[in-house]
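Trainee: Generate a structure from the sequence data that follows.
(one chain, ligands or ions: 3)
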Amino acid sequence: MSAALDRLAGIDTRLYLVTDSAQCAEAGRTVAETVRSAVAGGVGIVQVRDKDIDDTEFLVLTREVVAAVAEAVAGTDRRVPVFLNDRVAVAGRLREEGTDVHIHVGQSDTPVAEVRALLGDAPLVGLSAAEDAEFAAARATGAVDLVGIGPVFDTTTKADAPAGIGPDRLGELVSQAGLPAVAIGGIDATRVPDLRGLGLIGVCVVSAICRAADPELAAAELLAAYGDGGAV
Ligand SMILES: Cc1ncc(COP(=O)(O)OP(=O)(O)O)c(N)n1
Ligand SMILES: Cc1nc(C(=O)O)sc1CCOP(=O)(O)O
Ligand SMILES: [Mg+2]
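Mentor: Ligands and ions are numbered 1, 2, ... in the order given. Alright, predicted model coming up:
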């Protein structure tokens with residue numbers, strides 16, 4: 001656990017934004033505008049997620065997001081990593097160009113060992129996991145930096161998501177994980193207090209920021225409600 005935490009040093013992991021291009025557009029903003037504002041409000045990790053575009057469009061989108069993060073943190077010492085959802089080839093291309101991007105994969109995506117074989121040791125790798133066997137397999141790879149556990153609450157953002165497991169079950173899973181863990185699914189400022197003290201390193205949101213009228217304010221409110229998360 002401590003080796004994995006070492007690799008996250010310098011990152012404020014408490015609030016993790018996963019982008020949704022359609023939600024940002026419905027709110028009248030680009031993804032990059034949303035990210036710039038949300039990072040200004042305190043988001044410490046960004047994941048680019050869009051299931052409806054091809055790799056070329058995803059590459060362009062990710063470059064925009066990387067630039068938005070750089071603008072938001074300019075003049076500070078903040079380290080705000082950008083993860084790509086699933087697109088290992090796109091991540092490889094960006095890393096070859098010298099852009100520091102990272103990867104989040106699910107249980108049905110590119111296996112973590114393959115991600116490492118393709119991208120090497122440097123990028124952070126996140127993995128979705130939700131049961132003991134998945135945590136054990138993740139630990140055995142020695143290649144997973146953090147796990148995403150969800151959905152903690154019901155969500156409409158992810159079409160095929162099962163019902164939320166609730167904070168009590170989440171807490172049990174976090175204690176089994178043995179890896180730094182973030183929670184995802186249906187999280188907003190009203191529910192964030194229920195996720196304090198569970199051993200999480202942070203919470204992930206999509207609609208709570210992408211659909212917000214003011215992403216900077218939404219991020220600041222989420223962080224105020226979460227505080228230090230009850231400490232890991
Ligand atoms: C931080 C984080 N946790 C979980 C997920 C879900 O990933 P996955 O199960 O691969 O589902 P998709 O997001 O690909 O639909 C995530 N994206 N991020
Ligand atoms: C991308 C994603 N993954 C989930 C999981 O449970 O693995 S839930 C989810 C979407 C979360 O969106 P919102 O914050 O709007 O509920
Ligand atoms: Mg996936």
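
Trainee: A strand includes Ala133, no?
Mentor: No: read with DSSP: H, G, I helix; E, B strand; the rest coil, Ala133 is helix and lies in no strand.

Trainee: What distance do you get for it to ligand 3?
Mentor: Ala133 sits 18 Å away from ligand 3, taking CB to the ion, to the nearest Å as the criterion. Placement of C-beta: from N, CA and C, glycine included.

Trainee: Per-residue pLDDT of that residue, please?
Mentor: Note on Ala133: pLDDT of 97.

Trainee: count of residues packed around it?
Mentor: Ala133: 9 surrounding residues under other CB atoms under 10 Å.

Trainee: can you tell me how far it sits from Leu170?
Mentor: Remark: distance between Ala133 and Leu170 (CB to CB, to the nearest Å) = 17 Å.

Trainee: in terms of contact, does Thr62 touch Asn85 like I think?
Mentor: No: using CB atoms under 8 Å, Thr62 is not in contact with Asn85, being 10.0 Å away.

Trainee: what's the overlap in contacts for these two?
Mentor: Listed as contacting both Thr62 and Asn85 by CB atoms under 8 Å, 6 or more residues apart in numbering are Val48.

Trainee: Which residue of these two possesses the greater neighbour count?
Mentor: It is Thr62, of Thr62 and Asn85, that has more neighbours when counted by other CB under 10 Å, with 25 against 18.

Trainee: check contacts around the more buried one.
Mentor: 48, 82, 84, 87, 90, 94, 101.

Trainee: Of those residues, which are in range of ligand 3?
Mentor: The subset of the contacts of Thr62 within reach of ligand 3, by CB under 5 Å from the ion, is empty.

Trainee: which is the next helix or strand following the host helix or strand of Glu64?
Mentor: Taking DSSP states H and E as the criterion, Glu64 maps to helix 55-73. Next helix or strand after helix 55-73 toward the C-terminus (DSSP H and E): strand 82-85.

Trainee: Quick one: mean pLDDT for that next one?
Mentor: 98.

Trainee: Got the phi and psi for the closest residue to ligand 3 within the chain?
Mentor: Residue nearest to ligand 3 within the chain (CB to the ion): Gly106, separated by 3.4 Å. When read as degrees, to the nearest 10, the backbone of Gly106 gives phi -100, psi -180.

Trainee: So for the worst-scoring helix or strand of the chain on mean pLDDT, what gets flagged as buried?
Mentor: Counting by mean pLDDT, DSSP states H and E, the chain has its least confident helix or strand at helix 2-7, which shows a mean of 85. Using 16 or more other CB atoms under 10 Å as the test for burial, helix 2-7 gives Ala4.

Trainee: got the residues of the chain near ligand 3?
Mentor: Counting by CB under 5 Å from the ion, the chain comes close to ligand 3 at 86, 106, 109.

Trainee: The second one is in contact with Gly126, isn't it?
Mentor: Looking back up the chat, that one is Gly106. No: taking CB under 8 Å as the definition, Gly106 is not a contact partner of Gly126, at 9.5 Å.

Trainee: who has more neighbours, the two?
Mentor: Gly126 (26 against 13).

Trainee: The closest residue to the more buried one other than its chain neighbours: neighbouring residues, count only.
Mentor: Nearest residue to Gly126, sequence neighbours excluded (CB to CB, 6 or more residues apart in numbering): His104, at 3.9 Å. Residue neighbour count, defined by other CB under 10 Å, stands at 28 for His104.
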